[in-house]
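*Asks:* coordinates only, no sequence provided:
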C-alpha cells in the first residue's frame, strides 16, 4: 500500500461533481418546480415564478446583448418593486455585478458611487429622478440610463423619465429563454453595496456568489422558514441586497409582496389581504406597527414573523408585538456580513419568563448564524476573547463565508478590516455567560464621563421604558469638567404634552447608576436614515453646539 | 479607468472571509448555543449536545493521538447507537475518513472493504463479532480493533469482544477539549461508503466535506425541518452516512433517538415516549408501521414526518399512513449522491385530489434537491434530455455538489460514471409534463418480452393494489418464445390463505396491458438487504432455474 493519500488521487473536481455555489440556482429550480405559484404582488400586478424567471432572463439577456461583461457594474436606484427583485437575479445572471444604491443619498454621493463602482448602466426609478438628474450632471461622463416608471405608483411621485427607454422596453431587448451561465467561480462578485458611512466617502462592499448563496440559506434555516412564505418587503432591497432575502424567498418558492411606501396601514393591509407570514425591518417599523391607530389596523389570525436589527426592540414594544400576533426575532449584522449574520437564537424555555426578562434576553444580538463560522468579542490589541462575563467590553469580530470579499478599490481599508483573520466590525460588545453576544456600542458611541465609560445603548434602554418616549438617542456632549456627559434626544409619543426634563432625568437616575443619567434632554424629531437608523453623527454635532 | 476586472483585484480569500464548508461546524455551534439540550436518547442513556460534542472531541483526539493522519481510513461496523453518531463527527474531526460498513455483509466482503479502503482502525459492535472475527482472520494483516459493547443491549446479542479495548476506553485516551481543525480544503474526503453492488466487488464511494455540508442543509430545507426535531433512527447510519442526517439533526439541535432493532412496537413506543417528529426508511419500514397490530400501536396526537426512498409507497400504504398521522415524503438518491438528492416536492393543492391520485403523484421521484444543481433524464448515447412526456425512457443523471468525488482507487469506474459532465445513475426513468421525474427501472430491471419493453415497477405497482399482496417483485424469466417474460415473486399478508395464481394474473390483466401481466407467480418470503431493498438479483437467479 502506498503512503500517498488515496483520497486525493484521481478524485478531482469535474463538471459532474462540482458546480459553483450561487443563489441564482434557486430561481431556476423554483420556476421549474412551482412555475404557477405567485412570486410577486405589487399593487394590482401579479407575477408567477415562471414569469419572474422569464423577466430575469430577459434582463440578463438584454444586458449581455448590450455588451456588459463579467465583472462590470450595473447600478440600480429603486424602491421595493418587482424590478428591484428582478435585478437581484437578472443582473448577476448576465455576469455583471449588481450595485443597488440607497435612494436617500444626495446627488453628490450617488455620483461618487456611480464613478467609484464604474457603473456601465443605471436603472433608476422615476420617484428619484430629481436627485438622479443632478447626480448624472455631476458624473462627468455619459452612461446609459433606463427608467423604472412604475405603473402602480400614483401621481404623488415623480414620473419624470431621464433615460433612453424604460425598463419594460429594456426587457423587450432580451430573450426570455436566455441560456445564462453559472458564474465561472463562486468567488466571483455578485453585488456591490456601499456602506452608509457617517463620515468620509462611502466604501463599496463586495459580495460573492458563494456568500450570497450561504447567507440566503442561513436566513431560511436560522429563521425556521417553511416553504411558501409570504414575505412583505418593508426592508429596502437596496440594503445589503435586502439581507439576501430575494434569494431566500426564491429558494423556498415564496411570495414577494412589494411595498413602495412603508406605513402601518399598508403593513396591516398586506397581512390581512395577502396573508403575510414574514417581514423584516428596523425598530422604526416595529414602532409603526405597535403604535398604529385603529383605522390602520386589520385583524389577522396567523402568526407573523418579524426579523429586526439595528437596535434591540424595547420590552414594551416586544410585549405589544407579541400580544398582537407578531413573533419577533432579533438579528445583527453589517453591510460587510451580507446583512444578518448573528441571531438571538431563542430557547423555548425562555417563553415562561416574565416579559421584561424575555425582552432583556431578546435584546442580546446572540450567536453566529448557521453559516457564519466564527463570532467573537475580542480585545482588538491582543486578539484574545473577552471573558464570558457580560461585562468586559471588546470588539465584535466575524469570520466565515458570509464576510465580504473586501472594499472595492480600497486595499488599505480591506486589509485593515480583515486583519488577523477576522473582520473587525468596529462595534463594541460583551459576551454573556451563555456565550450570547450583546452590543454595547460602536466605539464612537461610548460616552466617557469623568473617566467612566457609559454605554449610550444602556441609557437609551432606560429611556425607552418611560411611557412618554417614542424614540431615544443618547450621545456625548463635550463638558469642561467631565470631559463628556450623556445628552439625550427624545422623540415623544405625544409632542403636545411633553414631560419635564427633570422628570426624565429623575426617571433615569431611578433606573441606572446616577453618573449614567443624561445631563441634557432635548425633545424633537430625530434625524434618521432611509433604513430607520438614527443618525447619531448629526445629534453629536448638535450636542457640540448646545 | 482600467480594463481590468475591478472585482478581482485585491479581493482574494483569506481566513477572515473564507472557511471550508464542513458539517462538522454544525455540532460546535449547537453545543455552544444549546449545550443542555438533549442530543441522544438510547435505551436509558441520555446525552446533551455539550456531552456529545465532548465525546466526539475525545474520539477525534484519541485517533489523532494514535497517529491516524489526514486521509487515512477509520472503519466502523455498528448499529444505530450513540457511538455511530459520534463517529460521524469524531472521525472526520481528526482529519480521518469515516468508513461505515453494512452490518449484513459477509466476512469476505467486509475483509475486502477493509483492505480496499486501507482501514487503519476498526471500531466494531459486538453484535456482529461472529462475522467480524472471520473477516479479521481473512484480512491478511493486523489492524487495531475497538469494541462497541453496548450496555443498553440485552443478552440476545453477542457481547464477544474482539479488540484491544472498548470504545469507552478509547474515548478515555482523548481530550474533551481537543482543538480540532476544520479540513484544510472542503474537497477533502469526509467518508467512504461502499455500494452494495449486486455483482462484483463493492465500489468505495468517496464523499467530501463540501457535499456533506450541502446535503445536510438540503435535507433541512427540502424537508421543511424546523429547529429541535426529534429524529428516530430507523434508517441505518451506515447507509450513506444516514443520508447525512447526523449532520442535519446537529445543525438544528435535534434529538437523535437511537434504535438497535427496527420493529413496529419500538417505533410506536419512541413516537409516544419521545415525541418523535421525523424518521426515514425504506418501504419495509412503512409496511411495518401500517401493518402493526394493536399490541404494538401507541396513540400520538402530533404529525410524524416520514421520508421514504428505494420504492414508491403504494397508494394503500400511503392512505393508511396519512390516516394514522404520518406525513410521507418520497425521495430518491444513490450512495453516489450522499443519499437523497431528489424529492417529490409536494404541491399543497394536490391534497384535494383523491388519495389514489395523490399516491400516483407521490410515487414519482420528483425534482432536484435544493442543493443538487442538475437532474435530467437523458438518452445516454446522445446526452440529450428525453421529452417531458412521461413515456420516453432515459437514464437518470445528476450534476452538482452532492455528487461523490468518485470511486476510491477505481479510475475507470469513476471516469465512466462521471463522463460528459453528469453522473450516470444507471437508473431508468421518464420526465412528466410538469418536469417531475419518475423511475421506471434500473437498466437490468427492464423486461424485454417479444420485443416490447416492460417496466417491472409498473407491474409491481399493480400487484401492490391486490389486497392479498404484502410485497411484490417482478423480474425477467428467460423464455424460448418471447425472449423474456415477467415473473412475479409475492410475499403475502396472510401466507395461510394464498390466492390462486390465476387470480393474480387475471388481476394484472385487468389493470395493465395484457403482455405486461406476469406469466409466472411464485409465493414466498422475498430476499432483502439490510436496508429493506429486495435483492432482485437473487430472484433473477431463481427465475432462470424455474
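*Replies:* Yep, it's here. This is a predicted model, so every value here is computed, not measured.
*Asks:* mind pulling up the pLDDT for residue A:199?
*Replies:* pLDDT recorded at residue A:199 is 50.
*Asks:* can you check residue A:1 too?
*Replies:* For residue A:1, the model assigns a pLDDT of 40.
*Asks:* contact partners of the longest helix along chain A?
*Replies:* Criterion DSSP state H: the longest helix present in chain A is helix A:49-65. Contact with helix A:49-65 is made by A:27-28, A:30-31, A:34-40, A:47, A:74, A:82, A:85-87, A:89-91, A:93-96, A:121, A:170-178, A:180, A:250, A:253, as judged by Cβ atoms under 8 Å, 6 or more residues apart in numbering or on different chains. For glycine as for every other residue, the C-beta is placed from the backbone atoms N, C-alpha and C.
*Asks:* check stretch A:290-299 too.
*Replies:* Here stretch A:290-299 has contacts from A:263-265, A:267-269, A:271-272, A:317, A:320-321, A:324, A:470, A:493, using Cβ under 8 Å, 6+ apart.
*Asks:* gap between that stretch and the chain center?
*Replies:* 25 Å (Cα atoms, centre = their mean, to the nearest Å).
*Asks:* again with stretch A:238-251
*Replies:* 9 Å.
*Asks:* gap between the two ends of that stretch?
*Replies:* Start-to-end span of stretch A:238-251 (Cα to Cα, to the nearest Å) is 20 Å.
*Asks:* how near is residue A:120 to residue A:107?
*Replies:* 20 Å (Cβ to Cβ, to the nearest Å).
*Asks:* oops, could you answer that again for residue A:344 instead?
*Replies:* Applying Cβ to Cβ to residue A:344 and residue A:107 gives a distance of 39 Å.
*Asks:* what do you get for residue A:204?
*Replies:* Distance from residue A:204 to residue A:107, by Cβ to Cβ: 18 Å.
*Asks:* buried sites along the least confident helix or strand in chain A by mean pLDDT?
*Replies:* Within chain A, no helix or strand scores below strand A:452-455, which has a mean of 74 by mean pLDDT, DSSP states H and E. Buried positions in strand A:452-455, judged by neighbour count with 16 or more other Cβ atoms under 10 Å in any protein chain shown: A:454-455.
*Asks:* next helix or strand past that strand?
*Replies:* The helix or strand immediately downstream of strand A:452-455 is helix A:456-465, counting by DSSP states H and E.
*Asks:* other SSEs contacting that next one?
*Replies:* helix A:315-323, strand A:437-442, strand A:469-479, strand A:483-492, helix A:501-511 (3 or more Cβ pairs under 8 Å, 6 or more residues apart in numbering or on different chains; DSSP states H and E).
*Asks:* and the angle for it with helix A:501-511?
*Replies:* 110 degrees (axes from the mean of the first three to the mean of the last three Cα atoms, to 10 degrees).
*Asks:* list of residues touching the helix or strand that contains residue A:121?
*Replies:* In this structure, residue A:121 sits in strand A:119-125 according to DSSP H and E. With contact meaning Cβ under 8 Å, 6+ apart, strand A:119-125 is reached by A:63, A:66, A:68, A:72-79, A:81, A:83, A:87, A:96, A:99, A:103, A:113-114, A:132, A:136, A:143-148, A:150, A:162-163, A:167, A:170.
*Asks:* partner strands of it, parallel or antiparallel?
*Replies:* Strand A:119-125 sits in its sheet next to strand A:73-77 (parallel), strand A:145-148 (parallel), going by DSSP bridges.
*Asks:* from residue A:373, how far out is residue A:339?
*Replies:* 17 Å.
*Asks:* over to residue A:264?
*Replies:* Counting by Cβ to Cβ - residue A:264 and residue A:373 are separated by 39 Å.
*Asks:* where does the stretch 51-200 of chain A dip in pLDDT?
*Replies:* For the stretch 51-200 of chain A, the stretches flagged by pLDDT under 70 are A:196-200.
*Asks:* elements contacting whichever strand or helix holds residue A:340?
*Replies:* Using DSSP H and E, residue A:340 maps to strand A:339-343. If contacts are counted by 3+ Cβ pairs under 8 Å, 6+ apart, strand A:339-343 sits against helix A:209-222, helix A:240-243, strand A:326-334, strand A:367-368.
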